[in-house]
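Colleague: The sequence and its predicted three-dimensional model are supplied below.
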Amino acid sequence: MASHIVGYPRMGPKRELKFALESFWDKKSSAEDLQKVAADLRSAIWKQMADAGIKYIPSNTFSYYDQVLDATSMLGAVPPRYGWNGGEIGFDTYFSMARGNASVPAMEMTKWFDTNYHFIVPELGPDVNFSYASHKAVDEYKEAKSLGVDTVPVLVGPVSYLLLSKPAKGVEKTFSLLSLLPKILPIYKEVISELKAAGASWIQFDEPTLVLDLDSHQLQAFTSAYADLESALSGLNVLIETYFADLTTKAYKTLVGLKGVTAYGLDLVRGTQTIDLVKAGFPEGKYLFAGVVDGRNIWANDLASSLSTLQQLEAIVGKDKLVASTSCSLLHTAVDLVNETKLDDEIKSWLAFAAQKVVEVNALAKALAGQKDEAFFAANAAAQASRKSSPRVTNEAVQKAAAALKGSDHRRATNVSARLDAQQKKLNLPVLLTTTIGSFPQTLELRRVRREFKANKISEEDYVKAIKEEIKKVVDLQEELDIDVLVHGEPERNDMVEYFGEQLSGFAFTVNGWVQSYGSRCVKPPIIYGDVSRPKPMTVFWSSTAQSMTQRPMKGMLTGPVTILNWSFVRNDQPRFETCYQIALAIKDEVEDLEKAGINVIQIDEAALREGLPLRKSEHGFYLKWAVHSFRITNCGVQDTTQIHTHMCYSNFNDIIHSIIDMDADVITIENSRSDEKLLSVFREGVKYGAGIGPGVYDIHSPRIPSTEEIADRIDKMLAVLETNILWVNPDCGLKTRKYAEVKPALNNMVAAAKLLRTQLASAK
Ligand SMILES: Nc1nc2c(c(=O)[nH]1)N[C@@H](CNc1ccc(C(=O)N[C@@H](CCC(=O)N[C@@H](CCC(=O)N[C@@H](CCC(=O)O)C(=O)O)C(=O)O)C(=O)O)cc1)CN2
Ligand code: MET
Ligand SMILES: [Zn+2]
């Protein structure tokens, strides 16, 4: 019985890679400095896994930015605008694709399945000349070998690579990405042959797209691809790794029928029915890599339960053919619990980060082989029992309140158009209202103030004073720019989810529990371990302070329950929807306290509602029902005259537009400018939208300053499909990652464009 790890976090236990990357990008250190940090991280990870006893240790799961971009580099699929002239791809070309450069914008980035990780989307057309342009996979295999570790090199599988790509500009409608298979497989063969020459005996292809709803043409692509690779792969053990959900019966049949493949990796955590597929039939003589240790969460594994699952599987696949593994790459969990100095011992005993999960996987493999570490299993069982019975986990009052929600719809009594009328009477605002999404630039000074306050280096009094001054600056700036509905700028928040987690009961937070979101950017998801409640108001002080500084409406600014849920590490001992309802009740209390404090406009961000959509269509309906319901619970109790906003920053929701309407917000602001045709086409196709709507008029992810004409043009396009009286004018998303030098002129042009159109509309009447 052996053990395997699908993949490992690259950022390092203290985000060493983040700091090395950012310092290199800022030209404060050399390429060699960066390479040295990276090599040290890799060697530490390999040694750690080898010491733990892991048999199948992955290599090439390290990346300077993203593993899909690494595959693009391996294939030489560099879009022509980056001016690459062949040869081994270096940092210049690689980081230009990832982040853009002075003259060319970055490639598109999008969500990796239903995680908070983002990958760089390959752009492929009929003219791409593929060539073997990055030897990273082979180099890393050799590097590990020279350190005495024989690894399993990991490649993004050829079919998933194509299924995750997008057609290049100009061929969007006509081009079949899968038609490129015969062009990329020769490159894969070159890599395989070099790996063999270097001594590899195993190879892992990550083919996570196998868990999606695939049609027979797409499934056939897997069959042909691996048939084509069969002779190149002969002599190697070949693992096809899937993760994030169950396979459909058809996909499972395709997988186990692949030529030349000797091992299958299955996610037994999110794939709740996977075990039944295996029971219904598993090919003789093949390996099953059983993903029983959750790579998406921070909970210690229930070892007794996993051991029993593995024993059932062993009876089917045979003793020497079962391998204990993680459910997916550990990229999506925090790195090492050892560095958590502030968590108490009880909560710590319930947790396992990546480093601890490696030990769990190995303990399971040994136990199955008859060498059970009794002390380790006993300590684990005790921790599981303590988590089940701890009074800190259960709050009867919260459970009762959440249970009482069932059966009711929680809708505001008045319909949205009547509410908008009532709000207009109270607020008396012009048409084409301007606003922003919430955050203003997070300056270094601001981050320093927060850090020093957290470390008790400055007093609460000084801290409050500094934040108040910052809010005043932001308010004054917005008045000067003549924005209609103001925000306080969120200077007191480190992150829109972590900030609320820190103030709610039932949450724990870490010091170093960082998870890569994209490139060098990381998030520190709070841990929801118990029933959620709100001990006291969270934002009322800052919002009413901000409102007292201006006559204009000041938006209260909250993060919605679905987003808090999706961007936290969620408890796994009750269904997600129950936790979501509890958060909704806490946010409801906050909404009502803001209203009482005289805040007339309240924004409840649901930035992550779309990303939480299950991977399989059959599960969409159920998710959307409780997610939308949770949102409505937060604001069903406010008066007609209180205006509820929501914000989303993932524009690809044509498929869920009816659920968005059903959220029944008074105003929604949405990311749009990166993909305006996509969003506006919903309305062009005749979807009736009567609530306020602000499709973003410029992209905040780019430092570029949009001109007045260009923004006016965008607004014009929107007016062609949306009624004047419901249209709002705002950027795509919050401004926290931008600089004031960019934000001031951009907002100035935005207000000018709105005014220009107001004048045109008035004279057209
Ligand atoms: N949770 C979440 N998910 C999201 C988003 C989001 O806003 N939040 N936005 C979308 C895009 N994803 C993003 C993810 C991260 C960042 C981002 O800016 N992250 C920062 C960390 C931000 C943070 O929490 N910083 C803290 C802590 C500061 C810090 O890192 N301090 C160091 C000290 C180092 C120093 O001396 O500076 C430490 O604690 O170790 C603060 O500002 O208060 C980063 O990686 O740089 C932006 C967008 C999708 N997913
Ligand atoms: C990722 S959505 C961000 C919403 C938040 N209110 C902000 O402006 O930063
Ligand atoms: Zn946003």
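Modeller: Yep, that arrived. Ligands and ions are numbered 1, 2, ... in the order given.
Colleague: Can you name the residues that contact the residue nearest the centre of the chain?
Modeller: For the chain, the residue sitting closest to the mean C-alpha position, by Cα atoms, centre = their mean, is residue 116 at 1.0 Å. If a contact means Cβ atoms under 8 Å, 6 or more residues apart in numbering, then residue 116 has 332, 515, 517, 523, 525, 566-567, 608, 611 as its contacts. For the C-beta atoms, the positions are set from N, CA and C on the backbone; glycine is no exception.
Colleague: Narrow the residues you listed to those that are buried.
Modeller: 332, 515, 523, 525, 566-567, 608, 611 (16 or more other Cβ atoms under 10 Å).
Colleague: Which of these fall within strands?
Modeller: Of the buried ones among the contacts of residue 116, the ones assigned to strands by DSSP state E are 515, 523.
Colleague: Tell me who's in contact with whichever residue of the stretch 251-400 of the chain sits closest to ligand 3.
Modeller: Taking Cβ to the ion as the measure, the stretch 251-400 of the chain has residue 332 as its residue closest to ligand 3, at 20.9 Å. With contacts defined as Cβ under 8 Å, 6+ apart, the neighbours of residue 332 are 115-117, 295-296, 515.
Colleague: Those residues also near ligand 1: which ones?
Modeller: For ligand 1, the contacts drawn from those by Cβ under 6 Å from any ligand atom are residue 116.
Colleague: quick one: which of the contacts of residue 332 is nearest to residue 660?
Modeller: Each of the contacts of residue 332 was scored against residue 660 by Cβ to Cβ, and residue 116 proved nearest at 20.6 Å.
Colleague: and the buried ones among the contacts of residue 116 as TSV, adding pLDDT and distance to residue 462?
Modeller: Converted to TSV, those look like this (pLDDT from 0 to 100; distance: Cβ to Cβ, whole Å):
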residue	pLDDT	distance to residue 462
332	98	38
515	98	32
523	95	28
525	97	30
566	96	35
567	96	30
608	93	34
611	87	38
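Colleague: which one among the buried ones among the contacts of residue 116 gets closest to ligand 2?
Modeller: Taking Cβ to the nearest ligand atom as the measure, ligand 2 sits nearest to residue 608 out of the buried ones among the contacts of residue 116, at 7.9 Å.
Colleague: quick one: what helix or strand has residue 544 in it?
Modeller: helix 540-547 (DSSP states H and E).
Colleague: Can you get me a residue count around residue 26?
Modeller: For residue 26, the count of nearby residues is 8 (other Cβ atoms under 10 Å).
Colleague: Can I get the helix or strand bottoming out on mean pLDDT in the chain in CSV? Just the C-alpha atoms.
Modeller: Among the helices and strands of the chain, helix 676-684 carries the lowest confidence by mean pLDDT, DSSP states H and E, at a mean of 75. Once non-C-alpha atoms are left out, helix 676-684 reads as follows in CSV (Å, rounded to 0.1, in the frame of the first residue of the first chain):
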residue,chain,number,x,y,z
ASP,A,676,-19.5,44.0,-22.4
GLU,A,677,-21.1,42.2,-25.3
LYS,A,678,-21.6,39.1,-23.2
LEU,A,679,-23.5,40.8,-20.4
LEU,A,680,-25.5,43.2,-22.4
SER,A,681,-26.6,40.5,-24.8
VAL,A,682,-28.8,39.0,-22.1
PHE,A,683,-30.9,42.2,-22.2
ARG,A,684,-30.7,42.4,-26.0
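Colleague: So what touches that helix?
Modeller: Residues outside helix 676-684 that contact it (Cβ under 8 Å, 6+ apart): 651-654, 657, 670, 672, 689, 695, 714, 717-718, 721-722.
Colleague: Likewise for stretch 508-516?
Modeller: The contact list for stretch 508-516, computed with Cβ under 8 Å, 6+ apart, reads 9-11, 13-15, 18, 116-117, 298, 331-336, 339-343, 347, 353, 498, 501-502, 522-527, 529.
Colleague: Kindly give a single PyMOL line that selects the buried subset of the residues you listed.
Modeller: When burial is assessed using 16+ other Cβ under 10 Å, the buried subset of those is captured in PyMOL by this command:
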select buried, resi 9+10+11+13+15+18+116+117+298+331+332+333+334+335+336+340+343+347+353+498+501+502+522+523+524+525+526+527+529
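Colleague: Of the contacts of stretch 508-516, which belong to helices?
Modeller: Taking DSSP state H, the ones among the contacts of stretch 508-516 that sit in helices are 18, 347, 498, 501.
Colleague: Give me the distance between the last one and ligand 3.
Modeller: Pointing back at residue 501 there. In this structure, residue 501 lies at 18 Å from ligand 3, with Cβ to the ion, to the nearest Å as the measure.
Colleague: Quick check: nearest residue in space to the residue in the stretch 651-765 of the chain that ligand 3 sits nearest to, chain neighbours excluded?
Modeller: Closest to ligand 3 within the stretch 651-765 of the chain is residue 733: 3.3 Å, counting by Cβ to the ion. With sequence-adjacent residues excluded and distances taken as Cβ to Cβ, 6 or more residues apart in numbering, residue 733 is closest to residue 649, at 4.4 Å.
Colleague: Let me know how buried the one you found is, in neighbour terms.
Modeller: The tally of other residues near residue 649 (other Cβ under 10 Å) stands at 22.
Colleague: What is the neighbour count of the nearest residue to residue 121 once chain neighbours are set aside?
Modeller: With Cβ to Cβ, 6+ apart as the measure, residue 108 is the residue that lies nearest to residue 121, at 4.5 Å, once sequence neighbours are left out. Residue 108 has 14 neighbouring residues, counting by other Cβ under 10 Å.
Colleague: May I have the residues that are in contact with residue 108?
Modeller: Residue 108 is in contact with 120-121, 123, 166, counting by Cβ under 8 Å, 6+ apart.
Colleague: Most neighbours among those residues, please name it.
Modeller: The most crowded member of the contacts of residue 108 is residue 120, carrying 24 neighbours; neighbours defined as other Cβ under 10 Å.
Colleague: Quick check: bridge partners of that one?
Modeller: Residues found in beta-bridge contact with residue 120 (criterion: DSSP bridges) are residue 109.
Colleague: which parts of the protein sit against ligand 1?
Modeller: 116, 447, 450-451, 494-497, 517, 521-524, 567, 737.
Colleague: so which pair among the ones in helices among the contacts of stretch 508-516 is furthest apart in space?
Modeller: Taking Cβ to Cβ, no two of the ones in helices among the contacts of stretch 508-516 sit farther apart than 18 and 347, at 25.7 Å.
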